[in-house]
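**Student:** Build me a model from this:
(chains A and B)
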Amino acid sequence: MSNLLACLLLAMAPDAAAIVKRADRAVLGETTTYTVRMTVQRPGKRDRVVEMRGFKKGDEQGLVRYTTPPKERGTAYLRSGENTWLYLPSAAKVVRVGAKQNFGGGDFSNGDIFRLSLIKDYDPTLLGEEAMSGEACFKLELRAKNRSVAYDRVLYWVRTDGSFFPVRAEYYTISGKRLKWLSLGEVGKLGGRLRPTVLAMENALEAGAKTELRFLAIEDEAKLDDRLFTPSALEKGE
Amino acid sequence: MRRALLGVGLLALAWAPAAAGQPEIELGFENLLYRTARTRLNRDNLLGLDPSEDLLRGGLGVKQTWGSARLVAKGYLERRIGSQDRTEATLRQAYLQYSFGDGLTLRAGKQRIAWGSGFAWNPTNRLEPAKNPLNTGLEQAGSWAVRMDVVPASWVGLILVAARDQAAAADLPLETQGRVRRIGAARARFLVWNTDLALVLSGGAGGRSLVGLDLGRSLGGSVSVHLEGATYRGAELVPARADRRFFRLAAGLLYLRGESQSLSLEYFWNSEGYDGQAMAAYRRNLDDTYAAAQDPRLPPPARQAALDAYRVAAALPFSGGLGLRRHYLHGSWTRSSRDSRWTGAARAVVGLADGGLAFTPGLGFAPRGDLTLQLDALVLLGPQDSEFRLAPIRSGLQTRIRLLF
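**Tutor:** I've put the predicted structure just below:
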């Protein structure tokens, strides 16, 4: 009977793609500007704290500029489609970099930062419902559509209460090894609506290693010109 | 040109809106300490260098924004201690920039142009002084220029520049006099099939007209590659060889692991560089002019002319910043501690033709987010007759401290 009920509830639930689409926009909107503080924690080391101003347009274009500390001020990353560039203010130079590397010396990859959307890169399957971090959640499995994305498989927990706030994501390699896991929490009102405001990525390769992104300000539906997401704009600075 | 640009800047500042951003201020201290040597380029210490030459600098930098306008000024006061006890001020940058939305930006004043994907060499860039040939990590001064950036669409960008500069290497204990160049240049950048492609045209007084091509692409993972090349007629090194076409090419790769580790390699080919025969002729010319300058049988004006010719030839390796030979390799490695407080670095330029090596290991320390200390050593190694060993410098120690507000 209980199995039948579970099947019935699953059948009534939104389909997996719709859940992931809603979850993709839970933190940041389609076109957004934001201010975020990144804290990189390493066991036995002093925390590294960096504040950034970010611009995002769709899933393909993103720009992040470091604003503090002063020694890192002006450093900027630009992502446009499959391309990533880094601006080094000390050399006044734009350098093209690989896309898969980690971002800012922390546990997020460039892809994690610039492509918070999962639906474009992964095929989702709804596995069922499961409580996670005290919340009733849909549990989804996401399989990479192609080998160019950072992770082969993602397990994803999204709240069932209609908010579609993601709660946790676990990232796996092609060999099935868990690489990292992301916790999303501290739901609060930012930019006129409720959303998770803190994202914490932990690394399976190093116990105690953690990188936290704390959003300080968000403005959804910002008007951003495509020309903002070009190496020319990166070089021009803010 | 300088006065006109400064005038425009001051006028614009007077009209700047009151809603100014927080100014960014930088205080700096630099000490470039060199141990000098008597080499073929400094016979009997003709350059008059002390065994130890010290360049002591106090620097100030200011960046201020007012909406779409920005003012940047950076410079230093230098006290030379050694053969010349003198103090002089140098501007590294002093420009005013105004952006008309995302599509058009104007910048006027002394500024870095810094175009080209090459790390140590930029064959398409004739607009600013070349990098210091012995330590490519040092901060460069800019050129006096007016620059316009036009971005009509996200896949294309155009830069037009009119610049004036003196192509001499800075930060050395010896006087270097490069040619004064007045150059106009255009660079069109495209993003095609996930590849950066740029076409460059430049020409003017004091430099060769060139056509350049610049390509950059990510290979996936953490590696990106670049290729920057230029062709022009007539050599920049003596002899001029006016009817011949020459090529310069810088090709390299960058491996970047977050911001904690980087490794770059770059090969530079300069087709007008000296082969073994031309290098031998260059050394003979040094010997002959020096001998003539010392010859008591010659009248004093002839000896003086020979001495002047010797000095010009001796300064040649430092007048263009590109090196005298045809083939070079540049390697750079940096690694930061996990909390970003410590950074180790090693840079090396190898002359593939003669085995000479300019090696620059360095250590950086940032005890706070607003304070950085950088210590670089400079060692010139290789066969006695190699290009780097001809330099009248045996070694150096470069200390830089920056306090940022």
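
**Student:** what sits opposite the residue nearest to B:Gly109 when sequence neighbours are not counted in the beta ladder?
**Tutor:** Spatial nearest neighbour of B:Gly109, chain neighbours left out: B:Tyr95 (3.0 Å); criterion: C-beta to C-beta, 6 or more residues apart in numbering or on different chains. All C-beta spots, glycine's among them, are computed from the backbone N, C-alpha and C. Going by DSSP bridges, B:Tyr95 is paired in beta bridges with B:Val72, B:Gly109.

**Student:** contact partners of stretch B:353-364?
**Tutor:** Under the contact criterion C-beta atoms under 8 Å, 6 or more residues apart in numbering or on different chains, stretch B:353-364 has outside partners B:133-137, B:273, B:275-276, B:279, B:325-327, B:342-351, B:372-383, B:385-389.

**Student:** if we go to 6 Å?
**Tutor:** For stretch B:353-364, contacts defined as C-beta atoms under 6 Å, 6 or more residues apart in numbering or on different chains pick out B:134-135, B:325, B:327, B:343-350, B:374-383, B:386-389.

**Student:** How about that stretch, which residues are buried there?
**Tutor:** For stretch B:353-364, the neighbour count (16 or more other C-beta atoms under 10 Å in any protein chain shown) marks B:Ala353, B:Asp354, B:Gly356, B:Leu357, B:Ala358, B:Phe359, B:Thr360, B:Gly362, B:Gly364 as buried.

**Student:** What pLDDT is listed against the fourth one?
**Tutor:** Meaning B:Leu357. At B:Leu357, the pLDDT value in this model is 92.

**Student:** Within its sheet, name the partner strands of the helix or strand harbouring A:Leu142 and how each one runs.
**Tutor:** Assigned by DSSP states H and E, A:Leu142 belongs to strand A:135-144. Sheet neighbours of strand A:135-144, with direction, are listed as strand A:122-132 (antiparallel), strand A:153-159 (antiparallel) (DSSP bridges).

**Student:** Tabulate the ones you listed in JSON lines, adding columns for mean neighbour count.
**Tutor:** Formatted as JSON lines, the strands paired with strand A:135-144 follow (neighbours: other C-beta atoms under 10 Å in any protein chain shown):
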{"stretch": "strand A:122-132", "mean neighbour count": "16"}
{"stretch": "strand A:153-159", "mean neighbour count": "23"}
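
**Student:** how about the ones you listed in JSON lines, adding mean pLDDT?
**Tutor:** Putting the strands paired with strand A:135-144 into JSON lines (pLDDT from 0 to 100) gives the following:
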{"stretch": "strand A:122-132", "mean pLDDT": "92"}
{"stretch": "strand A:153-159", "mean pLDDT": "94"}
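
**Student:** Could you dump those strands into CSV and include distance to B:Tyr232?
**Tutor:** Shown next, in CSV, are the strands paired with strand A:135-144 (distance: least, C-beta to C-beta, whole Å):
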stretch, distance to B:Tyr232
strand A:122-132, 50
strand A:153-159, 53
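
**Student:** Report the angle between the longest strand belonging to chain A and strand A:153-159.
**Tutor:** Identified as the longest strand of chain A according to DSSP state E is strand A:178-190. For strand A:178-190 against strand A:153-159, the angle by axes from the mean of the first three to the mean of the last three C-alpha atoms, to 10 degrees is 30 degrees.

**Student:** Flag every residue of chain B that's near chain A.
**Tutor:** By the rule C-beta under 6 Å from any C-beta of the partner chain, the part of chain B lying against chain A is B:102-103, B:105, B:112, B:114, B:149, B:151, B:154, B:157, B:194, B:216, B:218, B:221-224, B:256-260, B:338-340, B:366, B:369-370, B:372, B:404.

**Student:** hmm, back to that, quick one: which of the buried residues of stretch B:353-364 is nearest to chain A?
**Tutor:** Of all the buried residues of stretch B:353-364, chain A sits closest to B:Gly364, with 9.9 Å by C-beta to the nearest C-beta.

**Student:** From the buried residues of stretch B:353-364, which land in strands?
**Tutor:** Those of the buried residues of stretch B:353-364 mapping onto strands are B:Leu357, B:Ala358, B:Phe359, B:Thr360, B:Gly362, B:Gly364, per DSSP E.

**Student:** Which part of the stretch 301-405 of chain B gets nearest to chain A, residue-wise?
**Tutor:** Taking C-beta to the nearest C-beta, chain A has its nearest neighbour within the stretch 301-405 of chain B at B:Gly369, 2.5 Å off.

**Student:** Might one say that that residue is in contact with A:Glu72?
**Tutor:** No: using C-beta atoms under 6 Å, B:Gly369 and A:Glu72 do not qualify as a contacting pair, with a distance of 7.4 Å.
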